[in-house]
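Visitor: predicted model and sequence follow; I will ask about them next.
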Amino acid sequence: MDLELRGRNAVVTGCSVGIGREIARVLAAEGASTLVIARRGELLKTLQDEIEGAGWKRPHALAIDLADRASAARVRDEALARLGHVDILVNNAGGSRPTAVDSPDGVWDESFAINFSAVRKLAQAFLPGMIERRWGRIINVTGTSEPGGTNAAGPAKAAVHAWAKALSRDVGRHGVTVNCLAPGRIHSEQIDERLHPTRESQEQFSRQIPLGYFGDPSDMAYLVAFLCSPKARYISGERIHVDGGLHRAI
């Protein structure tokens, strides 16, 4: 299926490893021009080489910490300078923050800065252009609403869900869709090295997943590519779980 992404311009955050890296690869394979963003510049360089080596258009790259208050403006300026305009924004940067019940404000502030504020600011940076061209896609990679314990990322991701739903209602008439994807146990640096670092841990948790196994980054990336395409024009304001049937809420 041709997803009609050739000629589209995309900004993808959190691209050094895992889900974001695979999203950048799949969008490039579909013909999109991309600006890939992460803190670790050396890993962005290997991603650029990997994409170009596969015969796809070499992405532009920007190493930056999105928790910095000034980062959204810098990303906007870099994207417009390199791409001319932005059709697609994939907010993938962020991460889990296991948190003690008495953690100080700084822990919570840092989590909200990367998991919510950066997402909102980047969307606001690129929405004027999307609205002017009457076409845009905003995808937010979020998380579970069924936390196993206190985690500063949980409320921040929940804020993204509420904000994105409201935003989708405000910008839909301009041809802009806004959706959230909630990954389950997807093989990534965070899952494989921190949460489930052993085969035994993964096998044990897999028994809770109806499909019986952890997902791969491509399971997220292919859905992102579809939602970014014109073929997904009537899907907006949704939170889609990519978790093998793990979540229970309806």
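Guide: Structure received.
Visitor: from now on I want contacts and neighbour counts done on CA atoms only, so please keep to that.
Guide: Noted.
Visitor: dump the residue contacts of G20.
Guide: Counting by Cα atoms under 8 Å, 6 or more residues apart in numbering, G20 makes contact with 12-14, 92-93, 221.
Visitor: what packs against the longest strand along the chain?
Guide: Scanning the chain for the strand with the most residues, using DSSP state E, yields strand 176-183. Packed against strand 176-183 by the contact rule (3 or more Cα pairs under 8 Å, 6 or more residues apart in numbering; DSSP states H and E) you find strand 136-141, helix 153-171, strand 239-242.
Visitor: now the shortest one: how far from the chain's centre is it?
Guide: Okay, so that is strand 239-242. Here strand 239-242 is found 12 Å from its chain centre; the criterion is Cα atoms, centre = their mean, to the nearest Å.
Visitor: show me what it is packed up against.
Guide: Packed next to strand 239-242, using 3+ Cα pairs under 8 Å, 6+ apart, are strand 176-183.
Visitor: follow-up on the earlier one: what is the mean pLDDT for the longest strand of the chain?
Guide: For strand 176-183, mean pLDDT is 97.
Visitor: repeat that for stretch 18-27.
Guide: In the prediction, stretch 18-27 has an average pLDDT of 97.
Visitor: show the subsequent helix or strand relative to the helix or strand of the chain with the lowest mean pLDDT.
Guide: Least confident element among the helices and strands of the chain, by mean pLDDT, DSSP states H and E: helix 189 (a mean of 77). Where DSSP states H and E defines the elements, the next helix or strand beyond helix 189 is helix 199-206.
Visitor: now do the following helix or strand past that next one and strand 176-183, the angle between them.
Guide: Reading on from helix 199-206 to the C-terminus, the next helix or strand found by DSSP H and E is helix 217-228. Counting by axes from the mean of the first three to the mean of the last three Cα atoms, to 10 degrees, helix 217-228 lies at 160 degrees to strand 176-183.
Visitor: flag every buried residue along helix 217-228.
Guide: 217-221, 223-228 (16 or more other Cα atoms under 10 Å).
Visitor: pull the residues that contact that helix.
Guide: The contact list for helix 217-228, computed with Cα under 8 Å, 6+ apart, reads 3, 5, 18-20, 22-23, 26-27, 88, 137-139, 183, 186-188, 232-233, 235, 242.
Visitor: going through the residues you listed, which ones are buried?
Guide: Among those, those scoring as buried are 3, 5, 18-20, 22-23, 26-27, 88, 137-139, 183, 186-188, 233, 242 (criterion: 16+ other Cα under 10 Å).
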